[in-house]
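1. Sequence first, predicted coordinates after that:
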Amino acid sequence: MRLEEAGVPEELVQFFRAKGISELYPPQEQAVRAGLLDGKSLVVASPTASGKTLLALLTAYRKVKEQRRKVVYLAPLRALASEKYSEFSEMTRFGIYTNISTGDYDSSGESLGRADVIVLTNERFDSIMRHRVSWLNSVGLFIADEVHLAGNDSRGPTLEMILTKALHLGLDAQLLALSATISNVRTLAEWLHAIPVELDWSGTSSGGGLRLQQNPIHRRRRTPGPPVHIWCPHRRSHGHCEGGRPVINLRQH
């Protein structure tokens with residue numbers, strides 16, 4: 001599907017063409033057909049370099065320019081947050097301004113509301129919700145990156161908590177959850193009240209214009225005995241529900 005056929009505004013079409021992007025990858029087309037640009041909440045599970053960043057940019061553009069609402073981008077790591085801040089900052093040319101905050105948990109974050117897109121680590125967003133900043137009422141889109149970490153022992157609880165709170169803020173906000181390829185995407189989508197979109201496909205570059213490399217993923221599997229370390233070439237996992245929340249484990253290869 002060409003960008004024009006997806007209903008992408010001309011100025012954004014030209015922006016992506018300058019990066020060598022004129023057509024949607026299969027996962028991107030599937031997400032658009034599922035209603036992403038019509039305000040539907042989605043969980044998009046696909047491998048690294050399959051174009052999830054482009055989906056985030058398209059959805060954020062529409063939410064800010066057409067609905068005049070803010071976007072919150074949630075990242076589990078400061079390095080990833082900085083990367084996404086750089087990518088979204090390119091939309092300044094369209095009058096869409098981006099801000100970032102990854103620390104200073106004692107600050108309320110009220111001044112962040114001057115921006116249209118606010119990039120935060122999960123822990124920083126937890127702090128902001130506790131401070132009850134006024135601009136939260138203007139958020140129309142939450143983008144949660146690496147959402148498969150919901151089953152992670154160290155980062156999972158915070159991610160689960162902030163997503164649960166975001167869903168119950170009464171904002172009628174859209175959610176775009178981005179995940180690596182996992183087998184329990186439908187369970188994850190059901191928990192988030194979203195439409196699952198899953199495709200085991202990988203391109204050579206991400207939709208955001210970045211060239212990414214799929215490195216082996218190292219995880220530790222829980223077993224009755226000593227920990228077992230497993231190296232996997234892809235981010236595949238399987239999971240089940242435990243206590244009402246998704247538990248995501250790594251599949252052996």
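-> Looks like it arrived, so ask away.
2. Helix or strand: which one has Leu163?
-> According to DSSP states H and E, Leu163 maps onto helix 156-167.
3. what residues does that helix touch?
-> 72, 74, 76, 122-123, 125-126, 129, 142, 144, 147, 149-150, 152, 173, 175, 177, 192-193, 245 (Cβ atoms under 8 Å, 6 or more residues apart in numbering). Using the backbone N, CA and C atoms, a C-beta is placed for each residue, glycine as well.
4. Check stretch 18-30 too.
-> With Cβ under 8 Å, 6+ apart, stretch 18-30 has contacts from 1-3, 6, 13, 16, 32, 44, 46, 50-52, 54-55, 197, 199, 201, 203, 207, 209.
5. so where's the stretch 151-253 of the chain shaky on pLDDT?
-> By pLDDT under 70, the low-scoring segments of the stretch 151-253 of the chain are 200-253.
6. how close does Ile100 sit to His193?
-> According to Cβ to Cβ, to the nearest Å, Ile100 stands 28 Å off from His193.
7. what about those two, which has more around it?
-> Neighbour count, other Cβ atoms under 10 Å: between Ile100 and His193, Ile100 has more, with 22 against 10.
8. State the next helix or strand along the chain beyond whatever helix or strand that one lives in.
-> Assigned by DSSP H and E, Ile100 belongs to strand 98-101. Next helix or strand after strand 98-101 toward the C-terminus (DSSP H and E): strand 117-121.
9. Partner strands of that next one, with direction?
-> If you go by DSSP bridges, strand 117-121 pairs up with strand 70-75 (parallel), strand 98-101 (parallel).
10. Tabulate these (CSV), appending distance to Leu167 and mean pLDDT.
-> Output for those, formatted as CSV (distance: least, Cβ to Cβ, whole Å; pLDDT from 0 to 100):
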stretch, distance to Leu167, mean pLDDT
strand 70-75, 13, 96
strand 98-101, 22, 96
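11. Please identify the most buried of these.
-> strand 70-75 (a mean of 25; mean count of other Cβ atoms under 10 Å).
12. hmm, who's touching that one?
-> With contact meaning Cβ under 8 Å, 6+ apart, strand 70-75 is reached by 56, 59-60, 63-64, 81, 84, 88, 113, 115-122, 125, 135, 138-146, 159, 162, 166.
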